[in-house]
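*Asks:* With the input below, show me the fold.
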Amino acid sequence: MSNYLLDTSNINVRQQLDFWVDVVCRTYTGMTVHRTGVESVSNGFAGKMDVKDLGQISISSASAERSRVDRTRANISHSTEDIFLLYLQARGQSQLRQSNQDVFLQQGDMALYDATRPSQLNLVPESANQHEMIVVKIPAPHLITLAPGARALAGIKMDGSTGISAILSNLILNAWKHRDELTGNFETQVADKLLDFIALSLNEYMPQQLSGSTVQAGHLLQVKQFINNRLTDPELSIAMISAANAITPRYLHKLFKVEPFTVSQYMLNRRLEECEKALRSRQYASYSITDIAHMWGFKDSAHFGHTFKKKFIVSPGEYRKCFGA
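*Replies:* Numbers count the residues shown, from 1 in each chain. You can find the predicted model right below:
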C-alpha cells in the first residue's frame, strides 16, 4: 500500500459507487458497500479517502455518505489477508455488528474489527455532512503478539471518553492530524507507539479468564476462529491450521490440552453442530441430508450419519422428522 488521496467526485456519476467499493476493497479488505440514503444511481455516491502508511500499519480517513459496509463469508473466502481494523469515529455515528453483538459508536469511540469474521457497519452522517471514520489497519500477527486475546475483543466498544481508550483516541487523532510531518524513521516509531497503546487499551478490556495464560489463550481463540471460518472446506486439516496460524502441529495440540476435546474433535463437533442447525432450519428444507453434510465439510455421508447419531442419539433423517421446520 502507498499514500494516496481519492475522491469520487472526480469519477463519472454512474460509476462512483462501484469505484468506492473498489477503493474500500483495495485499501482495507474485501467488502460490499450499499447506499442506504438516496437510491437513484443518477445521484452517484459521495466518498473521500486519504491514506498514510506508517511502517507495517496504515492510518486513513474514510468519509462517505449514509451507507452500509458488509464483510460477508463470500468476501472472506476470497481474501488472503489476516488483518484487524481499528475504527475511530471522527464524525457522525455508526453501528458495528460483529460476533453476534451490536455496538454504537459516537465521536471519539473505537471498535476493533476482525477481518476473519463477517460484519456489518452502518454509517450515519451528521445532518448533511459526510460520515468520517479514522481507520488503523494492522496485520493480525503484529497485534496478537502484543495483545494475544485481541480476537476475543473484536466487536466491543472502546469508550473514547475515559481511561486508556481516551488517550488512545486522542493519540490516533493527533497522529492523523500531523501525518504529513511523519517521515523516515518517525513513521516506524509512531507506528510502534500506536500499536503499544492499542494493545494497552485492548488489554484493559481483556476478560479476566484470559489473564493467567494470555498468549496461549489468544492463540487458542485465533485457531478456533480460523477453524470456524473454514468448516465448509473438506480439506481442513491439522497441517492447514498450523501453517495458516504460523504454529507447529505440536503446539496446536498443546493449545487444546486445556479443552475437553482434541483439535480433530473440535472440528468434528462444530461441523455436526452446524449440520444440526441446518436440519432444523426452514432455509435448508429443500436440501438433502447428503447436501447438508457436504456443505459443512463432510466427505463421506456414511461417516456423517454415524457421527451424527453418536452425538444426537438419532439419525439425521429421524432428527429432521422430529425437529425440522
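
*Asks:* all helices for the stretch 201-325 of the chain, in order.
*Replies:* For the stretch 201-325 of the chain, applying DSSP state H, counting those that start in this stretch gives helices covering 214-229, 238-244, 249-255, 263-280, 289-295, 301-312, 316-323.

*Asks:* what's the worst-scoring helix or strand of the chain on mean pLDDT in contact with?
*Replies:* Within the chain, no helix or strand scores below helix 214-229, which has a mean of 76 by mean pLDDT, DSSP states H and E. Taking Cβ atoms under 8 Å, 6 or more residues apart in numbering as the criterion, the residues outside helix 214-229 that touch it are 73, 76, 114, 116-117, 140, 144, 147-152, 206, 209-210, 236, 241, 244-245, 247, 251-252, 254-256, 258-259, 263, 266-267, 270. C-betas here are computed from N, CA, C, even on glycine.

*Asks:* which ones are touching the nearest residue to residue 171 once chain neighbours are set aside?
*Replies:* Excluding the flanking residues, the one nearest residue 171 by Cβ to Cβ, 6 or more residues apart in numbering is residue 197, at 5.7 Å. Contacts for residue 197 (Cβ under 8 Å, 6+ apart) come out as 164, 167, 168, 171.

*Asks:* Tell me how far the strand or helix carrying the second one lies from the chain's centre.
*Replies:* Using DSSP states H and E, the secondary-structure element containing residue 167 is helix 163-177. In terms of Cα atoms, centre = their mean, to the nearest Å, the centre of helix 163-177 is set 22 Å apart from its chain centre.

*Asks:* going forward, begin numbering at 39 instead of 1
*Replies:* Got it, first residue is 39 now, which makes that one helix 201-215.

*Asks:* CA atoms only for it, dumped as PDB, please.
*Replies:* What follows is helix 201-215, C-alpha atoms only, in PDB (Å, rounded to 0.1, in the frame of the first residue of the first chain):
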ATOM      1  CA  GLY A 201      -9.400   5.700  30.700                       C
ATOM      2  CA  ILE A 202      -6.700   4.500  28.400                       C
ATOM      3  CA  SER A 203      -9.100   4.400  25.400                       C
ATOM      4  CA  ALA A 204      -9.500   8.200  25.700                       C
ATOM      5  CA  ILE A 205      -5.700   8.600  25.500                       C
ATOM      6  CA  LEU A 206      -5.600   6.200  22.500                       C
ATOM      7  CA  SER A 207      -8.400   8.100  20.700                       C
ATOM      8  CA  ASN A 208      -6.600  11.400  21.100                       C
ATOM      9  CA  LEU A 209      -3.300   9.800  20.100                       C
ATOM     10  CA  ILE A 210      -4.700   8.500  16.800                       C
ATOM     11  CA  LEU A 211      -6.500  11.700  16.000                       C
ATOM     12  CA  ASN A 212      -3.200  13.700  16.600                       C
ATOM     13  CA  ALA A 213      -1.200  11.200  14.500                       C
ATOM     14  CA  TRP A 214      -3.700  11.700  11.700                       C
ATOM     15  CA  LYS A 215      -3.700  15.500  12.100                       C
END
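
*Asks:* per-domain residue ranges of the chain.
*Replies:* Per automatic domain parsing, the domain ranges recorded for the chain read 42-244, 252-361.

*Asks:* returning to what we had before: can you redo the contacts of residue 235 as CSV, where the extra columns are distance to residue 45 and pLDDT?
*Replies:* Converted to CSV, those look like this (distance: Cβ to Cβ, whole Å; pLDDT from 0 to 100):
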residue, distance to residue 45, pLDDT
202, 35, 90
205, 32, 94
206, 29, 95
209, 27, 94
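
*Asks:* what's the closest of the residues you listed to residue 336?
*Replies:* residue 206 (44.7 Å; Cβ to Cβ).

*Asks:* So the closest one sits against residue 146, correct?
*Replies:* No - with contact defined as Cβ atoms under 8 Å, residue 206 does not reach residue 146; the gap is 10.1 Å.

*Asks:* Between those two, which has more neighbouring residues?
*Replies:* residue 206 (25 against 18; other Cβ atoms under 10 Å).
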